[in-house]
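Undergrad: Sequence first, then the predicted structure, then my questions.
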Amino acid sequence: MAQQISESELVLMKIIWKNGGAALYSLIMEELEKDKNEWKNNTVLTLLSRLGEKKFLKVRKIGRRNEYVATVTESEYQTMQTHCFLDKVYGGNVKNLVSTLLRQDILSADELKEIEIFWRKENE
Amino acid sequence: MNEFMKILLSLSVSGTLLLLIIWGLKPLYKNIFSRRWQYYIWIIVALRFLLPFTPNTSIVGSLFEKYHAAIITNENSTIQNALVSINEDNKETESIQTNGDIAPVAKRESWNIYVCLFFIWFVLALVLFVSKITVYQSFIQYIKAGNTEKWDIKTLNVLSDCEEKLNMKTRVELSYHPLIASPIIIGFFRPRILLPAHKLSNKELFYIFTHELIHYKQRDMFYKWLIQIAVCAHWFNPFVYLLEREVNKSCELSCDEKVLSVLDDKARREYGDTLISFLKSNNLYKSSLASVTLTEGAEQLKERLGAIMKFKKMSKGVIVITTIFTVAVCSCFFVTGAYAAPSADNREKSFVLNIPPNTGNNSSYTYVQRSYYFDSYIIEIGWNLSDTASKEYANSKEITLEDNSTIKVFFDENPIDYWNDSNAISAIGKLIYSLKNKDIQDYPMIDMPLISNIIYVRENNLSVLAEDYFKNDNLTEFSAIFTALDMELQKEYCKKIYDDNKIAFFSSIIPYMNRDLVMMYADKSYQDQKVNFFTVIIPYMTENEKQGWITKAQTDSKNNFSGLLSNSLSK
């Protein structure tokens, strides 16, 4: 999927995912208010409809209200983005990615060991 | 096609008239009436250019009809001249009524010119229209290729505020495009505002959005394309470009006015500043065609800024004057009118075939030809053959009539097969006898008859045959058996012929029609403004009836009718 979710759209997606993959418009607005984001009605509607056009959301009618249903789960999206990132920046080479993570101390040696153990167990 | 060109031309004249009236009065209302009014008033002109909708009597309509009536009378007189010359020549014995080839030779030339003109008009209009659409589409494509959706919440919020302020029902999409210099709104049903890439303050954004949204609310895209259609259809008329220019100019002014009405004084100045800031940057892709941009040139901007400074709300008095003026313009719309086609597609034929019978006087010189149905034969008979002409026909036969008188009948080559068919001969005899004893509408008495064709018909399939002839446009045969059909069927055919505007048929059956029926169609064609039908009927009216119609046409001010009638009066 070549379509990208913009930063603002991701905020909305996160709210929907948090709510179990579907959310009513009113709930989305409430959540946005909690985060002290001043989002206008039309702004939200525009972003939601863009998500719909990109096929990340489906609209379900409940009476006269709209419920927005995510078509991808958060982890699916993460996987997708990671692949995308990997391809774009590291040319698909995982080793390079891991070495960068290590070099920048984003991943500690202990954590790496932990991952290694996890990986072996999985493959047994 | 002829008719079509006339309608088009009349629309052009009519539209130009209305355009010039409104344009000419501009100095009077320019600073008084609202810009919005000054913008929308052009719709009436555009519609005048496009809709062939007209009241019964209108300036342009009667102008065209007068011109038309002149042509009709000319045509009729030339045909009559041709008729006379044929008789004088005394060699030409070709059927006049059945043979429509004489006059069309002359007509064909002018018809060709019309076809040519139509072709030129059509091709140019089409090319123009297609090119406009292509330019627009390539512009949209160009926009789509480089456009990125705007997602920062602040900008979207400003747009949302503007939409709410203007009570917009449609949500407008927002993108930016690195290669446009001035904000623009595109799309008919799913509008999208495009911003240039450079940074804009929230204030500027607010003015830009308000302006563009008002363009959308005013339905300017539809308006501009309506004008483009008028331009394509009337490309030959220089005034239509004036209309285009005026509409584009007043469009921005009207939009500005609407924006200002929601702003206070300070904001007005800032709005002007925003306009200027966009003029400074150059348009990288210049296409003002039917898309709506924020600024369109220095000269125009000056006028717009002037209007911004002078902006004031309308007073009640002005509203009243505006209303009166609008009503006046609308009535101009109707009065100028257009040329309404007499809705005859085959009128080319009509005036050719319509040959009024000669009235009295020099009747002995007139060769007359008719077809009759008699005793299962369709007989084409002509009479008053001149002495010289009769020598051309070697075959002749003495036929004894019922009153024991004999008459010499000449035969053309076609019917020679029936020479020895005694049934056919007796049918001819009966026909001549009945023609002799019947006063047939002012035609000269039977003398020197010539049989030019005979067709044998089995009686039982007469109505089938009639239908066949009708479908195949066999005028002569159809009119011959027309009288033999029963009255109801005759009426039915008359109605069909009239409704389908088959004027050629009408003129060939009219001598066989019941007189009451003829007069009924006189009434009808007069009511329906079918000049062509009426013209055909005129020769069958008595002088008194003609006088009656003239008075009627004059009181109804149907000039074309009264003109035709008075021309037909015998001096």
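TA: Nice, I can see it.
Undergrad: Do you have the strands of chain B handy? List them.
TA: Counting by DSSP state E, chain B has these strands, from start to end: B:148-149, B:173-177, B:184-186, B:192-196, B:292-293, B:368-374, B:377-383, B:395-400, B:406-411, B:450-456.
Undergrad: For the chain, spot the helix or strand the model is least confident about on average.
TA: Let's take chain A. Using mean pLDDT, DSSP states H and E, the weakest-scoring helix or strand in chain A turns out to be helix A:94-103, at a mean of 80.
Undergrad: could you do chain B instead?
TA: Counting by mean pLDDT, DSSP H and E, chain B has its least confident helix or strand at helix B:347-353, which shows a mean of 36.
Undergrad: hmm, back to that, give me the residues contacting the following helix or strand past the least confident helix or strand of chain A.
TA: The helix or strand immediately downstream of helix A:94-103 is helix A:109-123, counting by DSSP states H and E. Contacts of helix A:109-123 with the rest of the structure, by CB atoms under 8 Å, 6 or more residues apart in numbering or on different chains, involve residue A:102. Where C-beta positions appear, they are placed from N, C-alpha and C, glycine not excepted.
Undergrad: then helix A:109-123 to CSV, C-alphas only?
TA: Once side chains and other backbone atoms are set aside, the C-alpha atoms of helix A:109-123 remain, and they are given as CSV (Å, rounded to 0.1, in the frame of the first residue of the first chain):
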residue,chain,number,x,y,z
ALA,A,109,23.5,-4.8,24.4
ASP,A,110,21.3,-6.4,27.1
GLU,A,111,18.2,-5.9,25.1
LEU,A,112,19.9,-7.4,22.1
LYS,A,113,20.8,-10.5,24.1
GLU,A,114,17.2,-10.7,25.3
ILE,A,115,16.1,-10.6,21.7
GLU,A,116,18.5,-13.3,20.7
ILE,A,117,17.3,-15.6,23.4
PHE,A,118,13.7,-14.9,22.3
TRP,A,119,14.6,-15.6,18.7
ARG,A,120,16.2,-19.0,19.5
LYS,A,121,13.3,-20.1,21.6
GLU,A,122,11.0,-19.3,18.8
ASN,A,123,12.9,-21.3,16.4
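Undergrad: buried residues in stretch B:16-26?
TA: Neighbour counts over stretch B:16-26 (16 or more other CB atoms under 10 Å in any protein chain shown) mark B:16, B:17, B:18, B:19, B:22, B:23 as buried.
Undergrad: how close does the first one sit to residue B:66?
TA: Between residue B:16 and residue B:66 the distance is 19 Å, computed by CB to CB, to the nearest Å.
Undergrad: Same check on the last one?
TA: When CB to CB is applied, the distance between residue B:23 and residue B:66 equals 27 Å.
Undergrad: And the pLDDT at residue B:341?
TA: Residue B:341 is assigned a pLDDT of 60 by the prediction.
Undergrad: How about residue B:110?
TA: 66.
Undergrad: which non-adjacent residue is nearest residue B:49?
TA: Here the nearest residue to residue B:49 in space, its sequence neighbours aside, is residue B:15; by CB to CB, 6 or more residues apart in numbering or on different chains that works out to 3.5 Å.
Undergrad: For that neighbour, list the residues it contacts.
TA: Under the criterion of CB under 8 Å, 6+ apart, the neighbours of residue B:15 are B:45, B:46, B:48, B:49, B:230, B:234, B:237, B:239, B:240, B:243.
Undergrad: number of nearby residues for the nearest residue to residue B:399 once chain neighbours are set aside?
TA: When the adjacent residues along the chain are set aside, residue B:399 lies closest to residue B:429, with 4.7 Å between them (CB to CB, 6+ apart). Counted with other CB atoms under 10 Å in any protein chain shown, the burial measure for residue B:429 works out to 19 neighbours.
Undergrad: rewinding a little: quick check: the residue nearest to residue B:49 vs residue B:234, distance?
TA: 7 Å.
Undergrad: got a list of what residue 62 touches?
TA: Assuming you mean chain A. Contacts were defined as CB under 8 Å, 6+ apart; by that measure residue A:62 touches residue A:24.
Undergrad: my bad, chain B
TA: If you count contacts by CB under 8 Å, 6+ apart, residue B:62 has them with B:559, B:560.
Undergrad: Relative to residue B:557, how far out is it?
TA: Look at residue B:62 and residue B:557: by CB to CB, they are 8 Å apart.
Undergrad: Over to residue B:465?
TA: Distance of residue B:465 to residue B:557, given as CB to CB: 45 Å.
Undergrad: These two - which one has more neighbours?
TA: Taking residue B:465 and residue B:557 together and counting by other CB under 10 Å, residue B:465 has the greater number of neighbours (22 against 11).
Undergrad: Would you confirm that that one contacts residue B:455?
TA: No: the pair residue B:465 and residue B:455 fails to qualify as a contact (CB atoms under 8 Å) at a distance of 9.6 Å.
Undergrad: what's the helix ranked longest in chain B packed up against?
TA: For chain B, the helix reaching the highest residue count under DSSP state H is reported as helix B:102-146. Based on contacts counted as 3 or more CB pairs under 8 Å, 6 or more residues apart in numbering or on different chains; DSSP states H and E, the elements that helix B:102-146 packs against are helix B:2-24, helix B:59-89, helix B:220-233, helix B:347-353.
Undergrad: quick one: average pLDDT of the longest one?
TA: This points to helix B:59-89. Looking at helix B:59-89 alone, the average pLDDT works out to 57.
Undergrad: Would you mind measuring from the closest residue to residue B:375 other than its chain neighbours to chain A?
TA: By the measure of CB to CB, 6+ apart, the closest residue to residue B:375 outside its immediate chain neighbours is residue B:427, 4.0 Å from it. Per CB to the nearest CB, to the nearest Å, residue B:427 is found 82 Å from chain A.
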